[in-house]
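> Starting from these lines, generate the structure:
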Amino acid sequence: MDIVDKKIFNELQNNAKQNTKEIATKIGLSVTPTYERIKRLEKTRVIKQYVALIDREIIGKQIIAYCQITLFKHQKSLIDDFKEKLFNLSEVMECHHVSGNFDFLIKVAVNDMNSFQVFINEKLSVVEGISTIHSSFVLDSFKETTAYPL
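Model prediction:
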């Protein structure tokens, strides 16, 4: 990955809807090599996908919670089963296996507190192997980004 690739990354992270010509102009390269670089980055999965970032409040996702989850024991089959179950819960935006005082950190997006209660009681707490769940709620967000610094 060279400086030109980093320029392409920055442009795509800023606005993935730009066409190749717009990106080429901004990074000072002609269209064909820019196109070839982007295709190479996609093929090698450095660029995994393109997405639209949605304003969660406009679509009614008023509550963001982070849940710290501890499992009863560290056993591969239990961890694999937990990951599979959480992968299929639409409310879970992120799930990270972490070190420290708990095993997993998940980010949950729901419409309201009632929806969160339903999520905890009917979806998360029924997943086998969970020992404890501690939840923290986002009061205010002043920085949210998906762009990696390069």
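> most distant residue from the middle of the chain?
Ranked by distance from the centre of the chain (CA atoms, centre = their mean), the top residue is residue 30, with 32.7 Å.
> what sits against the closest residue to that residue other than its chain neighbours?
Ranked by CB to CB, 6 or more residues apart in numbering and with sequence neighbours excluded, the top spatial neighbour of residue 30 is residue 24, at 6.0 Å. In this view, the C-beta of every residue, glycine as well, is placed from N, C-alpha and C. Residues in contact with residue 24, defined by CB atoms under 8 Å, 6 or more residues apart in numbering, are 30-31, 33-35.
> With pLDDT added, can I get those in JSON lines?
JSON lines is the format used below for the contacts of residue 24 (pLDDT from 0 to 100):
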{"residue": "30", "pLDDT": "97"}
{"residue": "31", "pLDDT": "97"}
{"residue": "33", "pLDDT": "97"}
{"residue": "34", "pLDDT": "97"}
{"residue": "35", "pLDDT": "97"}
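> Out of those residues, which end up buried?
34-35 (16 or more other CB atoms under 10 Å).
> State the pLDDT value of the residue nearest to residue 30.
Looking at residue 24, its pLDDT is 98.
> can you confirm it is in a helix?
Yes - assessed by DSSP: H, G, I helix; E, B strand; the rest coil, residue 24 belongs to a helix.
> Please report how far it lies from residue 6.
As judged by CB to CB, to the nearest Å, residue 24 and residue 6 stand 15 Å apart.
> Please apply the same query to residue 75.
42 Å.
> did I read that right, residue 115 in a helix?
Yes - per three-state DSSP, residue 115 lies within a helix segment.
> ok, the nearest residue to residue 18 once chain neighbours are set aside - contacts?
Take residue 18 and drop its neighbours on the chain: the residue closest to it by CB to CB, 6+ apart is residue 11, 6.2 Å away. Residue 11 makes contact with 18, 23, 26-27 under the criterion CB under 8 Å, 6+ apart.
> circling back: can you tell me which of the contacts of residue 24 comes closest to residue 102?
residue 34 (44.4 Å; CB to CB).
> The closest one looks like it's in a helix, true?
Yes - assessed by three-state DSSP, residue 34 belongs to a helix.
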